[in-house]
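Any chance you can model this:
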Amino acid sequence: AVGAWRVCLLPNRLPRAYPVATPDPEMLMLASIPARALALSTALALSLALAGPAVAAPCGGDFGAFIGAMKAEAQARGLSAAEADAFFASARQDPRVIKADRSQGVFRKTFTEFSRSLISQGRISKGAANARKYAAIFDRAEREFGVPKGILLAFWAFETDYGAVQGDFNTLNALVTLGHDCRRPELFQPQILAAAQLWQRGMLDPAKTTGAWAGEIGMVQMLPADILERGVDGDGDGRVTLKTSVPDALLSGARMLQYHGWRAGEPWLIEVDMPAEFDWGLTGLDTRLTGAEWKRLGVTPRWGAIPNGLAASVLLPEGRRGVAFLAFDNYRTLFEWNKSFVYVTTAAYFAARLEGAPVYDAGTPERGLTGEQMQALQQKLAARGHDVGGIDGILGALTRTAVQKEQARLGLPADAWPTRALLDAL
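Below is the predicted model of the structure:
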């Protein structure tokens with residue numbers, strides 16, 4: 001299940017023929033808007049430290065009363081009454097935000113489907129061009145924060161198509177809409193207060209600043225609290241301007257990843273070939289072995305080299321007949337940027353591709369389940385006592401874990417890929 005504080009698990013790899021179609025309009029902002037909004041544990045932790053109580057105002061109810069409560073909280077955080085009135089003067093609810101928040105069907109796609117939607121030859125070419133154009137910035141990001149250019153390029157591409165599509169939602173309106181909504185008020189109300197601090201510093205205009213539907217701003221789509229805590233003035237103009245400054249955006253993204261544990265000089269994802277005979281129950285993020293141990297079990301790299309001493313997990317996005325990856329600690333760090341398993345794995349692969357990795361071998365995975373079938377499976381798993389996080393039709397981490405356990409119980413290959421055979425067996 002995908003939720004505001006659940007880590008989603010991963011889908012599959014791309015085919016050998018990679019002249020991928022141009023991403024459709026729905027997918028251009030997919031990563032930066034729905035995906036990022038699904039999983040803001042990063043922002044939550046920063047927000048709570050920044051703003052004190054998780055919920056400053058009651059959710060639901062009269063919107064005017066809600067704004068009044070938020071004004072009072074902003075004053076408690078240092079704004080004058082006049083400043084609070086000025087900051088919230090233009091605040092309005094935006095029904096488009098609620099609609100976007102409820103529309104997450106794209107995360108039902110497999111890794112192959114999802115990655116084909118996001119990765120195109122145009123994005124690869126533009127990534128290479130940007131790597132050359134901003135070589136000094138990427139060198140600085142790796143020197144100061146340890147984050148390589150491939151990772152930053154991948155997120156820059158997926159979040160906003162290299163800055164071209166940053167979102168047209170008024171940022172304050174998006175935040176007050178979600179802060180008033182009762183799904184995740186403890187997540188978004190502190191972001192409203194952080195936005196007020198950005199306004200005080202001249203870095204946000206409550207009436208004009210726009211971005212994603214979940215309140216993220218700029219080329220790499222960072223929330224107000226992230227900007228306050230991890231923003232970098234990369235161009236030296238005295239402000240952190242993520243919408244128009246490439247140095248600010250890229251270095252801020254790198255600093256945020258470093259803060260969350262990115263390890264300089266270590267890999268994040270390597271595609272591997274698996275032996276025909278294997279204990280598939282060893283796959284998945286719950287099992288970590290050293291590279292040397294995986295090699296002894298017959299796991300071999302399709303590109304690059306497997307470091308002997310680093311711990312990693314084998315990921316099978318679409319089961320044992322599909323693509324296989326070794327995922328290292330840096331891969332796990334990417335979930336601090338976005339909790340969607342399919343998004344993170346696609347971004348990690350794209351980063352490797354931009355660093356020179358070949359097109360992955362999609363294999364011949366078994367047919368997966370439709371959205372309705374996945375919901376039926378989740379209901380069956382829940383009835384057997386498994387926590388799947390929610391009956392949402394999305395193959396997330398909890399659902400994958402439950403699938404793997406039931407496969408093992410039934411004597412099926414425990415590769416965590418749900419098929420019709422498993423559904424029928426349950």
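
what distance separates stretch 92-101 from the centre of its chain?
Distance, stretch centre to chain centre, for stretch 92-101: 21 Å (C-alpha atoms, centre = their mean, to the nearest Å).

Oops, could you answer that again for stretch 80-88 instead?
From the chain centre to the centre of stretch 80-88 is a distance of 34 Å (C-alpha atoms, centre = their mean).

buried residues in it?
By neighbour count, with 16 or more other C-beta atoms under 10 Å as the criterion, the buried positions of stretch 80-88 are Glu83, Ala84, Phe87, Phe88. Quick note: C-beta positions are derived from backbone N, CA and C, even for glycine.

Then stretch 236-249?
Under the neighbour-count criterion of 16+ other C-beta under 10 Å, stretch 236-249 has Val240, Thr241, Leu242, Lys243, Ser245, Val246, Pro247, Asp248, Ala249 buried.

low pLDDT regions in this structure?
Scanning the chain with the threshold set as pLDDT under 70 gives 1-54, 104-107.

centroid residue for it?
In the chain, the C-alpha closest to the average C-alpha coordinate belongs to Asn338, at a distance of 1.8 Å (C-alpha atoms, centre = their mean).

dump the residue contacts of Met256.
Thr42, Met222, Asp226, Arg230, Glu336, Trp337 (C-beta atoms under 8 Å, 6 or more residues apart in numbering).

typo on my end, it should be Leu172
Phe87, Phe88, Ser90, Ala91, Ile192, Ala195, Leu204, Pro206, Ala207, Thr209.

what do you get if the cut-off is 7 Å, keeping everything else the same?
Applying C-beta atoms under 7 Å, 6 or more residues apart in numbering, we find Leu172 in contact with Ser90, Ala91, Ala195, Pro206.

Quickly find the element holding the third one.
Remark: Ala195 resides in helix 185-200, with elements defined by DSSP states H and E.

now the last one
Element membership of Pro206, judged by DSSP H and E, is empty: it is in no helix or strand.

so which strand or helix has the closest residue to it other than its chain neighbours?
Closest residue to Pro206 apart from its sequence neighbours, by C-beta to C-beta, 6 or more residues apart in numbering: Leu172 at 4.4 Å. Using DSSP H and E, Leu172 sits in helix 171-180.

In PDB, list the C-alpha atoms belonging to that helix.
These are the backbone C-alpha positions of helix 171-180, laid out as PDB (Å, rounded to 0.1, in the frame of the first residue of the first chain):
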ATOM      1  CA  THR A 171       1.700  26.800  -3.100                       C
ATOM      2  CA  LEU A 172       0.000  28.400  -0.100                       C
ATOM      3  CA  ASN A 173      -3.400  27.300  -1.300                       C
ATOM      4  CA  ALA A 174      -2.200  23.800  -1.800                       C
ATOM      5  CA  LEU A 175      -0.800  23.700   1.700                       C
ATOM      6  CA  VAL A 176      -3.800  25.200   3.500                       C
ATOM      7  CA  THR A 177      -6.100  22.800   1.500                       C
ATOM      8  CA  LEU A 178      -4.100  19.800   2.600                       C
ATOM      9  CA  GLY A 179      -3.600  21.100   6.100                       C
ATOM     10  CA  HIS A 180      -7.400  21.600   6.500                       C
END
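
Measure how that helix sits relative to helix 185-200, angle-wise.
Calculated by axes from the mean of the first three to the mean of the last three C-alpha atoms, to 10 degrees, helix 171-180 forms an angle of 150 degrees with helix 185-200.

what separates helix 171-180 from the chain centre, distance-wise?
On C-alpha atoms, centre = their mean, the centre of helix 171-180 falls 20 Å from that of its chain.

residues of that helix that come out buried?
When burial is assessed from 16+ other C-beta under 10 Å, helix 171-180 yields the following buried residues: Thr171, Leu172, Asn173, Ala174, Leu175, Val176, Thr177, Leu178, Gly179, His180.

so who does the first one touch?
When contacts are counted by C-beta under 7 Å, 6+ apart, Thr171 touches Ala195, Leu204, Thr209, Thr210, Gly211, Gly215, Ile217.

now swap in the last one and tell me
With contacts defined as C-beta under 7 Å, 6+ apart, the neighbours of His180 are Cys59, Phe63, Phe66, Gln93.

Narrow these to those that are buried.
A residue is treated as buried here by neighbour count (16+ other C-beta under 10 Å); on that basis the buried members of the contacts of His180 are Cys59, Phe66, Gln93.

dump the residue contacts of Phe138.
With the criterion set at C-beta under 7 Å, 6+ apart, Phe138 makes contact with Ala131, Lys149, Leu152.

isn't Met81 right next to Ala72, touching?
Not Met; residue 81 is Ala. No. Counting by C-beta atoms under 7 Å, Ala81 stays clear of Ala72, with 9.4 Å between them.

intersection of neighbour lists for these two?
Common neighbours of Ala81 and Ala72 are not found (criterion: C-beta under 7 Å, 6+ apart).

on that earlier part again, any chance of the buried residues of helix 171-180 in a markdown table, plus distance to Ala312?
Converted to a markdown table, the buried residues of helix 171-180 look like this (distance: C-beta to C-beta, whole Å):
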| residue | distance to Ala312 |
| --- | --- |
| Thr171 | 38 |
| Leu172 | 42 |
| Asn173 | 43 |
| Ala174 | 38 |
| Leu175 | 38 |
| Val176 | 43 |
| Thr177 | 41 |
| Leu178 | 36 |
| Gly179 | 39 |
| His180 | 43 |
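
Got phi/psi on the residue nearest to Leu412 when sequence neighbours are not counted?
Distances taken as C-beta to C-beta, 6+ apart place Leu422 nearest to Leu412, at 6.5 Å, with adjacent residues excluded. Dihedral angles of Leu422 (phi, psi; degrees, to the nearest 10) stand at phi -70, psi -40.

Equivalent analysis for Met274, please.
According to degrees, to the nearest 10, Met274 has phi -100, psi 150.

where's the residue lying closest to it once chain neighbours are set aside relative to Leu178, distance?
The shortest distance from Met274 to any residue other than its chain neighbours is 4.9 Å, reached at Ala324 (C-beta to C-beta, 6+ apart). Note on Ala324: its distance to Leu178, by C-beta to C-beta, to the nearest Å, is 38 Å.

now do Leu423
The span separating Leu423 from Leu178 equals 35 Å under the rule C-beta to C-beta.

Same check on Tyr162?
Tyr162 sits 27 Å away from Leu178, going by C-beta to C-beta.

And Ala362, by the same measure?
Using C-beta to C-beta, one obtains 37 Å as the distance from Ala362 to Leu178.

quick one, strands of the stretch 151-300 of the chain?
Taking DSSP state E, counting those that start in this stretch as the test, the strands found in the stretch 151-300 of the chain are 169-170, 210-211, 269-273, 289-290, 300-301.
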